[in-house]
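Asks: structure for this input, please:
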Amino acid sequence: MILNNFKNKTVIVTRHTGFKGSWLSQWLILLGAKVIGISNNIPSVPSHFKLINLKKNIVNKQIDVVNLKELKKYLGKETFMMTYGDGLSNVDLKKLLRFHINSKKLVTLTAVRPPARFGDIKVIGKNVKYFKEKSKLDEGWINAGFFVMEPKFLKYIKNDQSFLEREPMEILTKKNNLLHLSIKNFGNVWIL
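Replies: Sure, this is the predicted structure:
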């Protein structure tokens, strides 16, 4: 069960001083996790972070959350997991971690087939010669946003201008060091 996954684990929460981040941090503490909160500032007044006095229960760091290199000192030398802050899912984290460890790659990402957005037609003149409505079979795979990474991956992030999804992942792809785990029945609720 997910509630047991966080007990005695270190979890880095970015933007922990915002409303959602402070609630998430508080919830993780109740589940037995050691929380390291990373944020640029305390963004709102009144601040939920301050109101619940969260600072006394976590390691509170004021650094640039965009720069993954700055996070290196908090990640240590162990394999770590990462996700974006806008997704909830039923990804089996233990299965994902086992898959990653067995692969011996630097990064494993989750991949899903998105729902088809459009049907496909082919035309000759005014005549429709092919019609197929929104078939998932024709769609490609996309990054589902849940990752397992080795600390060595951080050497591919050159500076705070590096985008995770661009050069670092493109280099890993060329070096055959990026793997995916296909997720079927990806139950996911996006929080905007």
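Asks: shouldn't residue 122 be in contact with residue 132?
Replies: No: counting by CB atoms under 8 Å, residue 122 does not reach residue 132; the two are 9.2 Å apart. To be clear about C-beta, it is placed using only N, CA and C from the backbone, and glycine gets the same treatment.
Asks: show me the contacts for residue 107.
Replies: Shown in contact with residue 107 (CB atoms under 8 Å, 6 or more residues apart in numbering): 147-150, 153, 169, 172, 177-179.
Asks: report the buried residues of stretch 52-61.
Replies: Residues 54, 57-58, 60-61 are the ones in stretch 52-61 that count as buried (16 or more other CB atoms under 10 Å).
Asks: and what of stretch 92-104?
Replies: Result for stretch 92-104 [16+ other CB under 10 Å]: buried residues 96, 99-100, 103.
Asks: so where do the helices sit in the chain?
Replies: 19-30, 48-51, 68-75, 93-103, 167-174 (DSSP state H).
Asks: in the chain, what residue spans correspond to strands?
Replies: 10-14, 34-39, 59-62, 80-83, 87-89, 107-112, 120-124, 127-132, 142-149, 178-182, 188-190 (DSSP state E).
Asks: same list (those strands) but as CSV, adding distance to residue 158.
Replies: Converted to CSV, the strands of the chain look like this (distance: least, CB to CB, whole Å):
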stretch, distance to residue 158
strand 10-14, 20
strand 34-39, 20
strand 59-62, 22
strand 80-83, 18
strand 87-89, 26
strand 107-112, 16
strand 120-124, 40
strand 127-132, 44
strand 142-149, 16
strand 178-182, 17
strand 188-190, 30
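Asks: could I get the ones you listed in a markdown table, plus columns for distance to residue 163 and mean pLDDT?
Replies: As requested, these are exported to a markdown table (distance: least, CB to CB, whole Å; pLDDT from 0 to 100):
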| stretch | distance to residue 163 | mean pLDDT |
| --- | --- | --- |
| strand 10-14 | 16 | 81 |
| strand 34-39 | 18 | 85 |
| strand 59-62 | 22 | 81 |
| strand 80-83 | 14 | 83 |
| strand 87-89 | 18 | 69 |
| strand 107-112 | 15 | 89 |
| strand 120-124 | 31 | 78 |
| strand 127-132 | 35 | 77 |
| strand 142-149 | 13 | 86 |
| strand 178-182 | 15 | 88 |
| strand 188-190 | 20 | 43 |
